[in-house]
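> next come a sequence and a model predicted from it.
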Amino acid sequence: MTSAPLFLALRYLRPTRSFISVITVISMLGVMLGVGVLVFVMSVFSGWQREYRQMLIGFEPHAIVEPLGALEGEAEGSKPVDWRELQKTLVQRPEVVSAVPVAERTRDGHLGILVVENEGSLQGVSVIGMADEKDNGLLQKLKKHIKEGTFDLQNDTIILSDRFAKSLGAKVGDTLVVHAAESVNQFIQKYREIPEDEDKKKRAAALDNVTILSKDLKLVATLREDTAGKRGYVPLHVAQEFFNLDSGISGIELELKDPDNADRVMTKIYQSGALPESWAYRTWEQEHGMMLESVKNQETMMWFLLLFIMLVAAICVMNTTITVTVKKRREIGILTALGTRAWQIIAIFVSQAGIVALVGAMAGLAGGFFFLSIRNWLRDQISNITGRDIFPQDIYFLSSIPAHIDPEKILAICATAIALCLMAALVPSWFAARVDPAVALRDGG
C-alpha cells in the first residue's frame with residue numbers, strides 16, 4: 001500500500017461532471033491567485049528596495065570621517081590633526097576608492113546652509129563644498145545626474161537641483177547672489193533687537209555694524225532632484241569662506257569598493273587605528289537608517305497582509321477535502337474494513353491536497369512571472385483608463401516599475417502555500433480516517 005494513497009488521490013482528482021471537480025478547480029485557482037499575487041508584489045517590492053538603495057549609493061557619499069569636536073580634531077585634550085595627512089592615510093587603504101575633503105558644516109558644527117537670491121526670491125539650500133579633482137569619486141557619481149550644464153567646481157560657481165533652480169526662476173548661466181545663512185540670521189537677530197521707536201538714523205547705524213557675507217556665484221549646472229536629492233554643490237574654497245572654516249574642512253568623504261557593507265568596512269578601518277581618536281565616521285546607511293528600516297518594516301507588513309490570501313486558498317483546499325471525504329465515505333469504510341491503516345487514509349487526502357497546492361503554485365508562478373514581464377505596460381494602461389499615475393516618479397523616484405526575482409523568496413512563497421494547504425487538509429483527513437467501517441458502509445449504502 002506504499003503507492004496506493006497516491007494512486008487513489010490521483011483517481012479522486014480525475015475530472016468528472018460533479019460538484020467535487022468544480023470545487024477542486026476553485027481550490028487550485030485560489031492557490032494560484034495567492035502565489036501569483038505574492039510573487040508579483042514581493043518581486044516589485046524587492047526591486048524597488050534594491051533600486052532605492054542603489055539610488056542612495058549613486059549620489060550619497062559612502063562614508064564621511066569627521067572630527068568629534070572642534071574643527072580638525074582640536075577637541076579639548078586632543079592633539080590637532082592634519083587632515084591632509086589623514087587623507088593620504090585613508091586613500092592608501094585597500095577598501096577605499098577615493099578620499100576627498102569636503103565642507104558641509106560650519107565651524108560650530110551646524111549644517112551648511114546658503115541663502116540663494118535671484119530676482120528678489122530668497123531660499124535656503126544645504127550645500128557641500130568640494131574640490132573638482134579627477135580622483136573625486138563623489139563628483140564622478142554626481143556627473144551622471146546632470147540635467148543641464150557642466151559640472152564645474154573650479155571657479156566661483158554653484159550647482160543646484162533642477163526643481164530648486166526652477167522655484168528660484170534661475171537658469172543655467174545666471175549669476176546668483178548667495179548669502180551665508182549664519183550672517184543672515186545675525187542680521188535678523190540684530191534687527192529685532194533694535195527698539196521699534198528708534199529713529200531711522202540710529203537703526204541704520206546699528207545695522208551698519210552687521211555684515212552679511214555674500215558672493216556672486218554662477219549657476220553652471222542643474223542636477224535631477226528625483227535621483228540626486230535636493231542638495232547643492234559649491235567649490236571647496238567658497239564653502240570654507242561661507243562656513244567660516246578658513247583652510248579647514250568639516251570632513252573627508254570616502255568612496256568605498258563595497259558600499260553595500262559600508263558599516264562593516266568602516267568599522268574595520270576604525271578598529272585598525274587609521275582614524276585618530278578625535279575623529280569618527282558615519283555612513284550612508286546610518287544617514288538613511290530610518291528610511292531603510294521603514295522599507296524593511298513595510299516588507300514585513302506586506303508579507304503579513306498577503307499571507308491572508310494564502311490562508312483563504314488553504315481554506316478552499318480544506319473545504320475541498322471535507323467535501324471529498326464526505327462523498328467518499330463509503331469507500332473509506334471499505335478500505336478500513338480491508339485493513340487499510342489510518343495513516344494511509346490520511347495520506348490519500350493529504351496527497352490530494354498536496355497535488356492541488358503544487359499545481360496551483362506552479363500556475364501562480366507562471367502567472368506572476370507573466371504579469372511581471374508586462375508590469376510597465378499594465379501600469380500605462382491603468383493610468384490611461386483611470387487618469388492617475390499608480391507609480392508616481394515624485395514619490396518612488398523611479399521612472400519605471402522595478403522588479404527583482406529573489407529565488408529564496410520565491411521558494412519560500414511556494415513552500416508556504418503548499419505547507420498551509422497540507423495542514424488545512426490534515427484535519428478533515430484525520431477525522432475521515434477515524435470513521436467506523438460499519439457506520440460508513442451503512443451510511444454510504
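Ah, there it is. Residues are numbered from 1 along each chain as shown.
> select the longest helix from the chain.
helix 19-59 (DSSP state H).
> and that one, what does it pack onto?
If you count contacts as 3 or more Cβ pairs under 8 Å, 6 or more residues apart in numbering; DSSP states H and E, helix 19-59 packs onto helix 137-142, helix 225-228, helix 289-327, helix 342-373, helix 407-433. The way it works is simple: take the backbone N, C-alpha and C, and place the C-beta from them, glycine included.
> let's have those in TSV, adding distance to Asp246 and mean pLDDT.
Listed next are these as TSV, based on distance: least, Cβ to Cβ, whole Å; pLDDT from 0 to 100:
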stretch	distance to Asp246	mean pLDDT
helix 137-142	23	80
helix 225-228	29	77
helix 289-327	33	78
helix 342-373	56	85
helix 407-433	53	85
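> could you dump the ones you listed into JSON lines and include distance to Ile23?
Shown next, in JSON lines, are these (distance: least, Cβ to Cβ, whole Å):
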{"stretch": "helix 137-142", "distance to Ile23": "57"}
{"stretch": "helix 225-228", "distance to Ile23": "49"}
{"stretch": "helix 289-327", "distance to Ile23": "5"}
{"stretch": "helix 342-373", "distance to Ile23": "10"}
{"stretch": "helix 407-433", "distance to Ile23": "13"}
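> out of those, nearest to Arg379?
helix 342-373 (11.0 Å; Cβ to Cβ).
> quick one: name whatever helix or strand follows that closest one.
As assigned by DSSP states H and E, the chain's next helix or strand after helix 342-373 is helix 375-386.
> tell me the angle that next one makes with helix 19-59.
Counting by axes from the mean of the first three to the mean of the last three Cα atoms, to 10 degrees, helix 375-386 lies at 100 degrees to helix 19-59.
> quick one: helix 375-386 to chain centroid distance?
23 Å (Cα atoms, centre = their mean, to the nearest Å).
> got the angle for the longest helix of the chain vs helix 342-373?
Relative orientation of helix 19-59 versus helix 342-373 (the same axes, to 10 degrees): 50 degrees.
> so which of the helices and strands packed on helix 19-59 gets nearest Arg107?
For those, the distance to Arg107 is smallest for helix 137-142, at 22.3 Å, taking Cβ to Cβ.
> how far does that closest one sit from its chain's centre?
For helix 137-142, the distance to the chain centre is 21 Å (Cα atoms, centre = their mean).
> what does stretch 214-233 give?
Centre-to-centre, stretch 214-233 and its host chain are 25 Å apart (Cα atoms, centre = their mean).
> give me the most central residue, this protein.
Gln49 (3.5 Å; Cα atoms, centre = their mean).
> my read: it touches Val295, true?
Yes. Gln49 is in contact with Val295 according to Cβ atoms under 8 Å; the separation is 5.4 Å.
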